[in-house]
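Colleague: got a sequence here, can you model it:
(4 chains)
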2 protein chains.
Amino acid sequence: MKSEFDLHSFLPFLMHHASEKLSLGFRDIYRDRYRMTRSEWRVLATLGQYGALTATEIMTHTGLHKTKVSRAVFSIEKRRWLKRFQDENDRRVHRLDLTAQGKSAFTSLCEAGVAYDRKVRDFLGEDEFKRLSDLLKRFNDL
Amino acid sequence: MKSEFDLHSFLPFLMHHASEKLSLGFRDIYRDRYRMTRSEWRVLATLGQYGALTATEIMTHTGLHKTKVSRAVFSIEKRRWLKRFQDENDRRVHRLDLTAQGKSAFTSLCEAGVAYDRKVRDFLGEDEFKRLSDLLKRFNDL
DNA sequence: AAATTACAGTTACGAATGTAACTATATCAA
DNA sequence: TTGATATAGTTACATTCGTAACTGTAATTT
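Modeller: Below you'll find the predicted structure:
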């Protein structure tokens, strides 16, 4: 069976592999250090970076499905890494804010993130790294 | 809380987003057309491209975990898209080969794949597309 | 040859996921 | 105001997933 199609050159396949390699490399860090899942890491990172947000705002920042956000928030709350505050004007909404412990975990993982970033940057080279970042951003408009 | 870390510029995050966008675009096709999962599509594509293989060979080609391969093979077999042949020399091993129906599904999805590829190529531009492919391939060595 | 180790592939089980339904609240329209 | 519709977030349920244990066979060691 022959065809002009080659799985190993198929961009979704290539991209997925590179993406997994990259994601898992960093996942090892937050998993081993704090037993966190990817959703939890993303929620933590978003709250750490932007301060208090609602679950919906976290969704739009991270692209996570609302059930994932809900579960990740619950799990982070259980660790006492965040507190909820009911919104005064809209009682459906909870403001979510990291505690000191949550911030400290965020800071620690940020450092790891920067280090990981540097490692990848060194591997690819500064120019290629930048080029790749820019290219990937274009996919938002696909 | 401020930091030099920005989730939206973090390569694992960027890459994952681009990857999902790309993968899901194509997944719609094999899912709607044949109700297939990603693992099933990959196994089909690999068998279609390389002819009869063992489960282990499929693993190395696709990077899928062996349980995923096992389940995908089982599911494709149930559709009668592949047949198993026990290896003469090693009875642990099964040679897996697509049936005419399997090949026909593969051919149909290949065409869709080539079309999808062209669409992405047009979107990115020929040069950028090539550059991205090359860049992604480098991640195998990370 | 018997015992041990390695390997191909499957299965069991708990964890994570996605869809859809749900609760509670807010907004809009008549 | 009341009734209909929309939204924030959670929960239930079925599916999928990954890890580890398992089965059967082959290869290696003693």
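
Colleague: what about stretch A:76-95, start to end distance?
Modeller: The straight-line separation of the ends of stretch A:76-95 (CA to CA, to the nearest Å) is 14 Å.

Colleague: does any part of that stretch sit near DNA strand D?
Modeller: Yes - counting by CB under 7 Å from any atom of the strand, DNA strand D has neighbours in stretch A:76-95: A:90, A:92-94. Backbone N, C-alpha and C define where each C-beta goes, glycine included.

Colleague: what residues does A:Gln101 make contact with?
Modeller: Going by CB atoms under 8 Å, 6 or more residues apart in numbering or on different chains, A:Gln101 touches A:79-81.

Colleague: tell me the pLDDT at it?
Modeller: pLDDT for A:Gln101: 96.

Colleague: against A:Cys110, how distant is it?
Modeller: From A:Gln101 over to A:Cys110 the distance is 15 Å, taken as CB to CB, to the nearest Å.

Colleague: likewise A:Thr56?
Modeller: 24 Å.

Colleague: neighbour-wise, which of those two wins?
Modeller: Using other CB atoms under 10 Å in any protein chain shown, the more surrounded residue of A:Thr56 and A:Cys110 is A:Cys110, with 21 against 12.

Colleague: skipping adjacent residues, who's closest to the more buried one in space?
Modeller: Distance criterion CB to CB, 6 or more residues apart in numbering or on different chains; nearest residue to A:Cys110, sequence neighbours excluded, is B:Phe5 at 4.0 Å.

Colleague: hmm, who's touching stretch A:77-89?
Modeller: Stretch A:77-89 has contacts (CB under 8 Å, 6+ apart) with A:44, A:47, A:52, A:54, A:73, A:76, A:93-99, A:101-102, A:105.

Colleague: now do stretch A:106-113
Modeller: With CB under 8 Å, 6+ apart as the contact definition, stretch A:106-113 has outside contacts at A:26, A:29-30, A:33-34, A:41, A:44-45, A:47-48, A:98, B:1, B:3-5, B:10.

Colleague: please pick the buried ones from the residues you listed.
Modeller: A:26, A:29-30, A:34, A:41, A:44-45, A:47-48, A:98, B:5, B:10 (16 or more other CB atoms under 10 Å in any protein chain shown).

Colleague: remind me which residues of chain A are low pLDDT?
Modeller: Low-confidence segments of chain A, defined by pLDDT under 70: A:1-3.

Colleague: what ranges do the strands span in it?
Modeller: Secondary structure of chain A, counting by DSSP state E: strands at A:82-86, A:94-98.

Colleague: what does chain A put close to DNA strand D?
Modeller: Residues of chain A lying close to DNA strand D (CB under 7 Å from any atom of the strand) are A:54-56, A:66-67, A:69-71, A:73-74, A:90, A:92-94.

Colleague: quick check: the farthest pair among these?
Modeller: Using CB to CB, these span at most 22.1 Å, a distance reached by A:Arg71 and A:Asp90.

Colleague: so between these two, which is more surrounded?
Modeller: Ranked by neighbour count (other CB under 10 Å), A:Arg71 and A:Asp90 place A:Arg71 first, with 16 against 9.

Colleague: including distance to B:Asp134, could the strands of chain A go into a markdown table?
Modeller: Shown next, in a markdown table, are those (distance: least, CB to CB, whole Å):
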| stretch | distance to B:Asp134 |
| --- | --- |
| strand A:82-86 | 42 |
| strand A:94-98 | 40 |
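
Colleague: tell me the most buried of these?
Modeller: Across the strands of chain A, averaging neighbours per residue (mean count of other CB atoms under 10 Å in any protein chain shown) puts strand A:94-98 on top, at a mean of 19.

Colleague: elements contacting that one?
Modeller: With contacts defined as 3 or more CB pairs under 8 Å, 6 or more residues apart in numbering or on different chains; DSSP states H and E, the packing partners of strand A:94-98 are helix A:38-50, helix A:55-62, strand A:82-86.

Colleague: now the first one - C-alpha only, CSV.
Modeller: Extracted C-alpha coordinates of helix A:38-50, given in CSV (Å, rounded to 0.1, in the frame of the first residue of the first chain):
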residue,chain,number,x,y,z
ARG,A,38,-1.4,19.5,34.7
SER,A,39,-4.8,21.2,35.3
GLU,A,40,-3.7,22.1,38.8
TRP,A,41,-0.4,23.5,37.7
ARG,A,42,-2.2,25.7,35.1
VAL,A,43,-4.7,27.0,37.6
LEU,A,44,-2.0,27.7,40.1
ALA,A,45,0.2,29.4,37.5
THR,A,46,-2.7,31.5,36.3
LEU,A,47,-3.8,32.6,39.8
GLY,A,48,-0.1,33.2,40.7
GLN,A,49,0.4,35.4,37.7
TYR,A,50,-2.9,37.4,37.6
